[in-house]
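Asker: My questions are about this predicted structure, shown below with the sequence.
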Amino acid sequence: MSASKLFEPYTLGAVTLTNRIAMAPLTRNRAAAGFVPSPLAVEYYGQRASAGLLITEASQISQQGQGYQDTPGIYSSEQVAGWRKVTDRVHARGGHIYIQLWHVGRISHTSLQPNHGAPVAPSAIRASTKTFVNGAFTDVSEPRALDLGEIPGIIDAYRHAAANAMLAGFDGVEIHGANGYLLDQFAKDGTNRRTDAYGGAIESRARLILEVSKAVSEEIGAARTGIRLSPVTPANDVSDSNPQPLFDYIVDGLNALKLVYIHVIEGATGGPRDIAPFDYASLRKRFSGTYIANNGYDLKLANDTLNHDRADLIAFGKLFISNPDLVERLKLGAPLNDFDKATFYGGGAKGYTDYPALAQAAAK
Ligand code: 8OZ
């Protein structure tokens, strides 16, 4: 086994990470009543604290921002108290943790919305996709277009959630700008048909993601504000006719705001990396902060990417579900546990906190 940069420390804004491995945000649908992280979440994140950076599962910034059953929030004081137990456990084990701030936009269902109203979107275009509610996969509901006058309230909800994240003891936040949720819906022309200041030209479609990034970084500091982007993913029925200039423009804006990182899903989320041509090196070149690369990385691709300076950190997703000690396993070249897709979303400890670490596996 040769020395690998993956296991070297890295300074990310205000904190020094013990290695260059991030745990990607992973939706697990196990929040308790009130959308509060449960004691099992404390165990789950604590088991994975050897990752250089943990990024939590996407967490809604408001009830309107929720799109799936049993996902945690970061808008109420009970949710803050629940998350505080998670961050305390991770910090006690020497780890660092950011929370992903989420507004799903049109990827929701009336049963989850305030007063069972329509989910909100840049334009009233229903997504051809399903969500998980009331124990079943269900078509998402028809959304309504946001009024111009509602947008400041949405930006404020991000700001409030970021302030709550600090109260909960997080090291920073990751704005969810990816995977066809609200900010991505505004940015891309397949979902945004607005004719006001938030639709039309690239500068207008990018306005919301940049205004949210500005508000959050003003609230908690740019050195604690990262963002996730997915320029070409088809996830959640999102598309753009010309993603390169759009994301070049967005990243220039994020760079001017001095965000601490961009976390880029290269290709189709959880799928092929080469789904569409896109020059990720252009984003890296435009951005002075940290570049976190994600999607389908294994040890070899991770090492090649770091050695060629194409990224600073590598985020692993599904492998962290089944390998709480992924860092040690990669370091030793040890075998990896397989993951069970049937327990990804919802349920209890099974498939959540019961995957064995190496020492436990050896003792069996
Ligand atoms: C899987 C299931 C539900 C939501 C994403 C937050 O794709 C998600 C998500 C993933 O970013």
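Answerer: Yep, that arrived. Here the structure is a predicted model, which means the values were calculated and not measured.
Asker: going forward, measure contacts and count neighbours with C-alpha atoms only.
Answerer: OK.
Asker: Contact distance from the ligand - what residues of this protein qualify?
Answerer: Thr27, Ala58, Asn179 (Cα under 6 Å from any ligand atom).
Asker: redo that, cut-off 8 Å
Answerer: 25-28, 57-58, 68, 102, 131-132, 176, 178-181, 235, 269, 345 (Cα under 8 Å from any ligand atom).
Asker: need the contact list for Ala136.
Answerer: Counting by Cα atoms under 8 Å, 6 or more residues apart in numbering, Ala136 touches no other residue.
Asker: can you check the one 3 residues further on too?
Answerer: Taking Cα under 8 Å, 6+ apart as the criterion, Asp139 is in contact with His109, Ser128, Thr129, Lys130, Thr131.
Asker: Who does it form a beta bridge with?
Answerer: Asp139 has these beta-bridge partners by DSSP bridges: Lys130.
Asker: how close does it get to the ligand?
Answerer: Distance, Asp139 to the ligand, using Cα to the nearest ligand atom, to the nearest Å: 13 Å.
Asker: Quick check: end-to-end length of stretch 142-159?
Answerer: Using Cα to Cα, to the nearest Å, one end of stretch 142-159 lies 27 Å from the other.
Asker: Contacts for it, please.
Answerer: 61-62, 75, 101, 106, 118-127, 196, 211-212, 215-216, 219.
Asker: now what about the helix or strand where Asp184 lies, what contacts it?
Answerer: Assessed by DSSP states H and E, Asp184 sits inside helix 182-187. Outside of helix 182-187, the residues that reach it under the criterion Cα under 8 Å, 6+ apart are 103-106, 121-122, 176-178, 191-192, 198-199, 202, 205-209, 229, 238, 246.
Asker: who touches the spatially closest residue to Ser204 that is not a sequence neighbour in this structure?
Answerer: Nearest residue to Ser204, sequence neighbours excluded (Cα to Cα, 6 or more residues apart in numbering): Tyr198, at 4.6 Å. Residues near Tyr198 by Cα under 8 Å, 6+ apart: Phe186, Ser204, Arg205, Ala206, Arg207, Leu208.
Asker: between the residues you listed, which is nearest the ligand?
Answerer: Nearest to the ligand among the contacts of Tyr198, counting by Cα to the nearest ligand atom, is Phe186 at 15.6 Å.
Asker: Now do the closest one against Asp338, distance only.
Answerer: 37 Å.
Asker: Between those two, point out the one with more neighbours.
Answerer: Remark: of Phe186 and Asp338, Phe186 carries more neighbours, 28 against 12, as counted by other Cα atoms under 10 Å.
Asker: Inside helices: which ones of the contacts of helix 182-187?
Answerer: When these are checked against helices (DSSP state H), the matches are Ile202, Arg205, Arg207, Leu208, Ile209, Leu246.
Asker: Now stretch 56-65 - C-alpha only, PDB.
Answerer: The C-alpha coordinates for stretch 56-65 follow below in PDB (Å, rounded to 0.1, in the frame of the first residue of the first chain):
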ATOM      1  CA  THR A  56     -25.400  15.300   7.600                       C
ATOM      2  CA  GLU A  57     -28.400  14.000   5.700                       C
ATOM      3  CA  ALA A  58     -30.400  16.800   4.000                       C
ATOM      4  CA  SER A  59     -32.400  18.700   6.700                       C
ATOM      5  CA  GLN A  60     -35.300  20.900   5.900                       C
ATOM      6  CA  ILE A  61     -35.100  24.600   6.700                       C
ATOM      7  CA  SER A  62     -38.900  24.800   7.100                       C
ATOM      8  CA  GLN A  63     -42.000  22.600   7.000                       C
ATOM      9  CA  GLN A  64     -42.500  23.900   3.400                       C
ATOM     10  CA  GLY A  65     -39.000  22.700   2.600                       C
END
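Asker: Which residue ranges of the stretch 201-350 of the chain form strands?
Answerer: Taking DSSP state E, counting those that start in this stretch as the test, the strands found in the stretch 201-350 of the chain are 225-229, 261-265, 290-294, 313-316.
Asker: repeat for the stretch 51-200 of the chain
Answerer: Under DSSP E, counting those that start in this stretch, the stretch 51-200 of the chain gives strands at 53-60, 97-102, 120-121, 130-133, 136-139, 144-145, 172-176.
Asker: could I get those as TSV with distance to Lys331?
Answerer: As requested, the strands of the stretch 51-200 of the chain are exported to TSV (distance: least, Cα to Cα, whole Å):
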stretch	distance to Lys331
strand 53-60	16
strand 97-102	21
strand 120-121	44
strand 130-133	36
strand 136-139	38
strand 144-145	49
strand 172-176	27
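Asker: Nearest residue to the residue in the stretch 151-300 of the chain positioned nearest to the ligand in space, please, no chain neighbours.
Answerer: Nearest residue of the stretch 151-300 of the chain to the ligand, counting by Cα to the nearest ligand atom: Asn179, 5.2 Å away. Counting by Cα to Cα, 6+ apart, Ala235 is the residue found nearest to Asn179 once chain neighbours are left out, at 5.3 Å.
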